[in-house]
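# here is my input; please provide its structure:
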Amino acid sequence: MATVEEIKVWLEDVIDPEIPVLTVMDMGVVRDVRITSDSIEVDITPTYTGCPAMDEISENIVKRLNSEGFSKVHVKEVLTPPWTTDWLTEKGKKKLEDYGIAPPTDESADKRALFNKQPVVRCPQCKSENTIRVSQFGSTACKALYQCNDCKEPFDYFKCL
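Numbers count the residues shown, from 1 in each chain. So this is what the prediction gives:
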């Protein structure tokens, strides 16, 4: 029989379909893992309500644990408490930046952005903080589009939620 810790290690192989450099563990989407007498139960929380990737994530969790010999895997979507970028691991934030997406700064920065005050967002390419928000909405609902004024590169910023 596997341990919860072993299962979590296996779940490091399940990638986020929208940001393929991150795993569900990097994202903090996996909220709980339980081993019962006849099954594995995994609770997941979407990054935002209606996230289209959740079905695929659930299927991939089941497939990954099936590959380890577990035939009964139940994945349950848990909405409370809501997901927050605070659940992103430091390793995940580093992976985001290396991939070209600016990781979240802090929640207060994004609240300022709602009132057209620019948070300081570091360019993942040249590391300059001389950036500007082009659009509150980026390639997915959880990202905003920015551009660096120094290297001129556009990039996504993973908004704090």
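
# end to end, how far does stretch 129-141 reach?
Across stretch 129-141, the terminal residues are separated by 23 Å (C-alpha to C-alpha, to the nearest Å).

# check the burial of the nearest residue to Cys123 once chain neighbours are set aside by counting its neighbours.
Excluding the flanking residues, the one nearest Cys123 by C-beta to C-beta, 6 or more residues apart in numbering is Cys148, at 3.8 Å. The way it works is simple: take the backbone N, C-alpha and C, and place the C-beta from them, glycine included. Burial measure for Cys148: 22 neighbouring residues, criterion other C-beta atoms under 10 Å.

# repeat for Ser128
13.

# isn't it up against Arg122?
Yes: when contacts are counted by C-beta atoms under 8 Å, Ser128 is listed as touching Arg122 (7.1 Å).

# residues in contact with the residue nearest to Cys123?
Contacts for Cys148 (C-beta atoms under 8 Å, 6 or more residues apart in numbering) come out as 123, 125-126, 128, 130-131, 154-155.
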